[in-house]
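Enquirer: next comes the sequence, and after it the predicted model I'd like to discuss.
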Amino acid sequence: DTEVTQTPKHLVMGMTNKKSLKCEQHMGHRAMYWYKQKAKKPPELMFVYSYEKLSINESVPSRFSPECPNSSLLNLHLHALQPEDSALYLCASGGTPDAYEQYFGPGTRLTVT
Amino acid sequence: GQNIDQPTEMTATEGAIVQINCTYQTSGFNGLFWYQQHAGEAPTFLSYNVLDGLEEKGRFSSFLSRSKGYSYLLLKELQMKDSASYLCAVRDLASGAGSYQLTFGKGTKLSVIP
């Protein structure tokens, strides 16, 4: 099973809402990633979790809060977002932090109104 | 930081061969990746090069020259379904983090025409 799943597929939220994006993998991978991708742009790294510990936070605003409850799950908590945060949010996992292959989930299409 | 450059768009004919180039500047280089991304979908892994030379995988091949900061993706026997964006990505060791990070180029949109 080389699948990374993400829920929800689509999310529309107001600027005062609190919501969470979820990502799950059952490949025993120990590195998990959040990326943000705007239309016609490449994915941009937001966070890296290595063995369930946050190892990279690419200067992401605090209105995005990641959480790794266990080795299979990765959440992204959203609060007080801005319309410019509307994007495709991609989760990925890799066997180890230095494994060369990252498997991407299908993404959550987020619209902030 | 990284500076990754690849052409914005390319067009090629079904059945032909196309080469997509990527140049990069980075410190702590630890591999170059090619991903394919269809519109509205997640990127899918195509290839990985960390040593100089050519890696072949079916209709797809990828080449790396570390001294020149250069890679290319070669697609043979093009099919209509190969129309997609092709993303070059460079991995390096994030300073102070003890982890690798992947930085993507802007992507090359390939259109395959009959």
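Expert: Ah, there it is.

Enquirer: near chain B, which residues of chain A show up?
Expert: Chain A has residues A:31, A:33, A:41-45, A:48, A:50, A:55-56, A:58, A:90, A:97-98, A:100-107 near chain B, with proximity defined as C-beta under 8 Å from any C-beta of the partner chain. Bear in mind the C-beta positions are built from the backbone N, C-alpha and C, glycine included.

Enquirer: among these, name the buried ones.
Expert: Among these, the ones that count as buried by 16 or more other C-beta atoms under 10 Å in any protein chain shown are A:31, A:33, A:42-45, A:48, A:50, A:55-56, A:58, A:90, A:97, A:100, A:102-107.

Enquirer: out of those residues, which sit inside strands?
Expert: Counting by DSSP state E, these place A:31, A:33, A:44-45, A:48, A:50, A:55-56, A:90, A:102-104 in strands.

Enquirer: pLDDT wise, what is the residue sitting nearest the centre point of chain A at?
Expert: Closest residue to the average C-alpha location of chain A: residue A:34 at 3.2 Å, with C-alpha atoms, centre = their mean. For residue A:34, the pLDDT comes out at 95.

Enquirer: that one and residue A:66 touch, don't they?
Expert: Yes - counting by C-beta atoms under 8 Å, residue A:34 touches residue A:66, with 6.1 Å between them.

Enquirer: overlap in contacts of the two?
Expert: A:46-47, A:74, A:76 (C-beta atoms under 8 Å, 6 or more residues apart in numbering or on different chains).

Enquirer: quick one: which of those residues has the most company?
Expert: Of all the shared contacts of residue A:34 and residue A:66, residue A:74 has the most neighbours under the rule other C-beta atoms under 10 Å in any protein chain shown, reaching 27 neighbours.

Enquirer: and it, what helix or strand is that in?
Expert: Element membership for residue A:74, per DSSP states H and E: strand A:73-79.

Enquirer: chain center to that strand: distance?
Expert: Taking C-alpha atoms, centre = their mean, to the nearest Å, one finds the center of strand A:73-79 at 7 Å from the center of the full chain.

Enquirer: which parts of chain B sit against chain A?
Expert: Contact residues (C-beta under 8 Å from any C-beta) of chain B with chain A: B:30-31, B:33, B:41-45, B:48, B:50, B:87, B:89, B:91, B:94, B:97-107.
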